[in-house]
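K.L.:
Got a sequence here, can you build the structure:
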Amino acid sequence: MKLLNKNSIELILNSKLFLYINTLRYLKFSQIYWRIRYKLTFPRVDLNARLELREAAGPWVVPACRRQSLEDVYTFRFLNESGSLSELGWDGAQRTKLWRYNQHYFDYLNSFGADARVDAHCFLVSDWIKENPPGHGTGWESYPLSLRIVNWIKWYQANHSLHYESIHSLTLQARWLERRVEWHILGNHLFANAKALIFAGLCFEGQEAQNWLMTGLKIVSDELTEQVLDDGGNFERSPMYHALFLEDLLDLINLARRYPGVIESELINRWCATARLMLYWLEGMCHPDGEIAFFNDAAVGIAPSPDEIKNYSYRLGILNHQSDTPSPVVACTQFLESGYLRLTAKNAVLFMDVAPIGPDYLPGHAHADTLSLELSLFGWRVLVNGGTSQYGDGALRQEERGTAAHNTVEVDGNNSSEVWSGFRVARRAYPQGLEVIQGDQYVSVTCAHDGYTRWPTRAVHARTLQLSQGKLRVMDQIIGKCKTAVARFHFHPDFQIDKLDVGEYSLSKPGFGQVILITVLHGVAGIEPSFYSPEFGIRQKSHCLAVQIDSKKQVIIEMSWSIDE
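P.N.:
You can find the predicted model right below:
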């Protein structure tokens with residue numbers, strides 16, 4: 001029998017078939033079953049009968065608001081791109097799927113300054129009903145359908161009238177959703193479906209509405225156990241999706257109190273306890289500028305801001321202004337179940353990813369960013385991961401999910417986890433050997449991952465970082481064979497990097513007040529162009545320091561700064 005040579009093995013490992021096998025093997029059987037079922041069936045719902053609205057007896061608290069996304073009655077602005085309803089309609093192929101999803105969400109009903117645009121909102125609700133017949137088009141896909149049901153009901157709770165056609169449409173939307181729950185996707189989609197069914201079940205009266213309510217409550221109960229980890233983090237390990245999930249939970253508490261006695265108070269109290277834990281995690285994963293760290297799919301402007309979510313929790317009485325959840329200010333806060341560390345020293349806040357990429361059966365929002373880090377100094381972001389500017393299945397999406405777009409090490413030009421397509425991952429990295437040492441004057445973290453052991457060279461990436469007042473040392477080592485390995489350190493676009501000497505660099509920005517010095521102790525360094533995407537639709541030019549491993553298979557850099565502002 002002829003043995004396969006090294007090239008043949010690499011061809012097999014890189015084959016499309018092998019990619020599919022290593023993607024599908026992580027899925028639950030139920031996901032495959034329901035995906036097939038959805039392809040082969042089309043729901044039938046009663047298009048005639050409508051339900052009556054339930055009488056509300058409790059208070060309604062103003063929810064978290066989003067940015068204004070209506071430029072005028074006919075013009076939307078989503079993902080930093082404008083589009084006219086008169087030109088695009090409700091399903092214009094000239095815009096991406098995510099842009100069209102936003103159009104159908106109706107988040108603009110509950111955005112900042114919404115009360116000044118009531119006439120425009122009434123027109124858009126009526127136009128949507130007229131132009132989107134039941135079961136047809138993007139708007140009837142389960143995820144935008146779920147968000148729209150919630151937004152219409154939140155709008156109604158804010159003392160806006162629902163006319164006969166709107167009540168009828170909401171009834172049909174809930175009926176459709178009940179038959180198209182996203183059991184094939186699970187995760188945040190399933191939770192959004194359940195939230196919408198609870199909203200409809202509370203808002204309407206009758207046995208049919210009670211069935212929606214019971215279905216939604218059962219899913220929420222199961223998914224809170226599944227999706228909220230013991231440290232409060234969401235199991236998809238994306239700070240952005242954590243914030244969206246937390247907003248969903250706060251909305252459920254808000255509407256449950258609006259209809260007192262329908263949902264047991266003990267259950268609502270459990271939701272409140274979970275929300276407090278999630279608020280603590282969100283606060284711990286924010287930079288000093290008040291916005292989230294960029295791990296996995298993350299961008300500003302999709303979820304309400306962390307401050308907006310926190311203020312919503314104050315209005316609901318879940319937090320008080322003395323704060324039940326003090327901001328983590330100790331030298332090291334460990335979110336061990338979700339896999340993130342927050343290290344602090346004077347004027348420095350550092351985050352490190354020591355997490356699995358997410359639940360094995362749901363890695364769609366994962367990046368190949370294992371052991372990456374982000375750093376803020378004196379309130380300014382300095383080291384940044386690349387962020388997320390778009391979804392879809394293209395080269396840019398692949399680049400932004402790739403290891404090279406993050407502050408970690410790329411070995412032999414490969415990604416640490418095998419991200420592909422828009423939301424797929426085949427073989428993936430698992431962290432190992434985490435050790436945290438907290439001294440009087442420093443915090444040291446060591447961790448490794450096995451993401452590159454899928455290749456014949458069986459390389460392991462190990463990283464140790466040490467943060468003290470005025471200094472950060474990062475030490476990377478490749479254990480095993482490799483041809484090349486590059487540690488990249490991406491800088492925020494506001495900072496200018498200059499070479500001072502061999503292995504010596506400086507970082508500066510106007511108004512920063514000092515210069516950050518970078519010394520490369522092991523490795524061969526060079527400055528490369530890179531990109532930073534703080535929001536969808538925005539891609540800013542920046543620079544990174546790329547450091548090739550030396551003969552000892554090491555990279556060691558030190559960053560130093562004055563501890564005084």
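K.L.:
the helices in the stretch 101-250 of the chain, which residues?
P.N.:
118-131, 142-157, 164-178, 187-203, 207-227, 239-258 (DSSP state H, counting those that start in this stretch).
K.L.:
again but with the chain, I slipped
P.N.:
In the chain, helices defined by DSSP state H lie at 6-13, 16-24, 29-40, 85-88, 97-105, 118-131, 142-157, 164-178, 187-203, 207-227, 239-258, 265-284, 306-316, 395-401, listed in chain order.
K.L.:
got any ranges where this structure has weak pLDDT?
P.N.:
1-14, 321-330, 565 (pLDDT under 70).
K.L.:
domains of it?
P.N.:
1-37, 52-316, 328-560 (automatic domain parsing).
K.L.:
Please give the number of neighbouring residues around Asn296.
P.N.:
Asn296 has 24 neighbouring residues, counting by other C-beta atoms under 10 Å. (Each C-beta comes from the backbone N, C-alpha and C, glycine too.)
K.L.:
show me what contacts it?
P.N.:
By C-beta atoms under 8 Å, 6 or more residues apart in numbering, the contact set of Asn296 is 236-238, 357-358, 365-367, 369.
K.L.:
can you put those in TSV and add distance to Ser468 and neighbour count?
P.N.:
Output for those, formatted as TSV (distance: C-beta to C-beta, whole Å; neighbours: other C-beta atoms under 10 Å):
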residue	distance to Ser468	neighbour count
Glu236	33	25
Arg237	28	28
Ser238	30	27
Ile357	30	28
Gly358	32	26
His365	34	22
Ala366	32	27
His367	29	32
Asp369	25	28
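K.L.:
Quick check: the farthest pair among the residues you listed?
P.N.:
Glu236 and Asp369 (13.4 Å; C-beta to C-beta).
K.L.:
coming back round to it: just the closest of the contacts of Asn296 to Asp230, please.
P.N.:
Nearest to Asp230 among those, with distances taken as C-beta to C-beta, is Arg237, at 14.0 Å.
K.L.:
wait, doesn't that closest one sit right on Pro363?
P.N.:
No - if you go by C-beta atoms under 8 Å, Arg237 and Pro363 don't touch, sitting 9.5 Å apart.
K.L.:
For the residue lying closest to Ala293 once chain neighbours are set aside, list each beta-bridge partner.
P.N.:
In space, and not counting its chain neighbours, Ala293 is closest to Phe351: 4.7 Å by C-beta to C-beta, 6 or more residues apart in numbering. Applying DSSP bridges to Phe351 yields these beta-bridge partners: Arg342, Glu374.
K.L.:
want to try TSV for the helices of the stretch 101-250 of the chain, with distance to Lys481 as columns?
P.N.:
Below are the helices of the stretch 101-250 of the chain laid out as TSV (distance: least, C-beta to C-beta, whole Å):
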stretch	distance to Lys481
helix 118-131	58
helix 142-157	44
helix 164-178	52
helix 187-203	37
helix 207-227	39
helix 239-258	35
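K.L.:
rewinding a little: and the residue nearest to Ala293, how many neighbours?
P.N.:
27.
K.L.:
Repeat that for Arg117.
P.N.:
For Arg117, using other C-beta under 10 Å, the count is 18.
K.L.:
For the closest residue in space to it that isn't next to it in sequence, the count of nearby residues, please.
P.N.:
Counting by C-beta to C-beta, 6+ apart, Leu70 is the residue found nearest to Arg117 once chain neighbours are left out, at 6.0 Å. Leu70 is flanked by 19 other residues according to other C-beta under 10 Å.
K.L.:
re earlier: ranking the helices of the chain by burial, who's on top?
P.N.:
Mean neighbour count (mean count of other C-beta atoms under 10 Å) peaks for helix 187-203 among the helices of the chain, with a mean of 25.
K.L.:
what angle do it and helix 207-227 make?
P.N.:
150 degrees (axes from the mean of the first three to the mean of the last three C-alpha atoms, to 10 degrees).
K.L.:
elements contacting helix 187-203?
P.N.:
Under the contact definition 3 or more C-beta pairs under 8 Å, 6 or more residues apart in numbering; DSSP states H and E, helix 187-203 sits against helix 142-157, helix 164-178, helix 207-227, helix 239-258.
K.L.:
about what we covered before: looking at the helices of the stretch 101-250 of the chain, which is closest to Leu27?
P.N.:
Of those, the one closest to Leu27 (C-beta to C-beta) turns out to be helix 187-203, at 12.1 Å.
K.L.:
Let me know the angle separating the closest one from helix 164-178.
P.N.:
130 degrees.
K.L.:
and helix 187-203 with helix 239-258, angle?
P.N.:
Going by the same axes, to 10 degrees, helix 187-203 makes 10 degrees with helix 239-258.
K.L.:
and helix 187-203 with helix 142-157, angle?
P.N.:
Using the same axes, to 10 degrees, helix 187-203 lies at 40 degrees relative to helix 142-157.
K.L.:
from the chain's centre, how far out does helix 187-203 sit?
P.N.:
Its chain's C-alpha centre and that of helix 187-203 lie 19 Å apart, by C-alpha atoms, centre = their mean, to the nearest Å.
K.L.:
do the same with stretch 452-472
P.N.:
For stretch 452-472, the distance to the chain centre is 24 Å (C-alpha atoms, centre = their mean).
K.L.:
now stretch 516-532
P.N.:
28 Å.
K.L.:
Now that stretch: buried residues?
P.N.:
Within stretch 516-532, the residues that qualify as buried are 516-520, 522-523, 525, 530-532, counting by 16 or more other C-beta atoms under 10 Å.
K.L.:
Among those residues, which one sits closest to Phe199?
P.N.:
Using C-beta to C-beta, these come closest to Phe199 at Tyr532, 36.9 Å.
K.L.:
Quick check: which of the helices of the stretch 101-250 of the chain is nearest to Trp99?
P.N.:
helix 142-157 (11.5 Å).
K.L.:
what is the orientation angle of that closest one with helix 118-131?
P.N.:
Going by the same axes, to 10 degrees, helix 142-157 makes 140 degrees with helix 118-131.
K.L.:
Show residues contacting helix 142-157.
P.N.:
56, 60, 63, 101, 104-107, 109-110, 114, 121, 125, 138-139, 162, 166, 170, 173-174, 176-177, 180-182, 189, 192-193, 195-196, 199-200, 203, 251, 255, 258.
K.L.:
before we move on, back to that, how much space between the residue nearest to Ala293 and Ile518?
P.N.:
19 Å (C-beta to C-beta, to the nearest Å).
K.L.:
ditto for Lys509
P.N.:
Lys509 is 14 Å from Ile518, by C-beta to C-beta.
K.L.:
what number of residues lie near the closest residue to Val425 other than its chain neighbours?
P.N.:
Nearest non-adjacent residue to Val425, counting by C-beta to C-beta, 6+ apart: Pro363, 3.9 Å away. Residues lying near Pro363 (other C-beta under 10 Å) number 25.
K.L.:
Please tell me how far Pro363 sits from Val515.
P.N.:
40 Å.
K.L.:
same question, Leu197
P.N.:
56 Å.
K.L.:
Equivalent analysis for Glu504, please.
P.N.:
Relative to Val515, and taking C-beta to C-beta, Glu504 is found at 12 Å.
K.L.:
in the sheet, who's paired with the closest residue to Cys332 other than its chain neighbours?
P.N.:
Once flanking residues are discounted, Cys332 sits nearest to Val443: 4.7 Å by C-beta to C-beta, 6+ apart. Beta bridges link Val443 to Gln438, Leu467 when assigned by DSSP bridges.
K.L.:
okay, now Val443: neighbour count?
P.N.:
The number of residues near Val443, taken as other C-beta under 10 Å, comes to 20.
K.L.:
And Gln432, how far from Pro359?
P.N.:
The value you get for Gln432 to Pro359, if C-beta to C-beta is used, is 18 Å.
K.L.:
ok, these two, which is more surrounded?
P.N.:
Higher neighbour count among Gln432 and Pro359: Pro359, with 17 against 12, using other C-beta under 10 Å.
K.L.:
Quick check: the residue nearest to Ala293 touching Glu374?
P.N.:
Yes - in this structure, Phe351 is within contact of Glu374 by C-beta under 8 Å, at 4.7 Å.
K.L.:
any shared contact partners between the two?
P.N.:
Common neighbours of Phe351 and Glu374 (C-beta under 8 Å, 6+ apart) are 293, 295.
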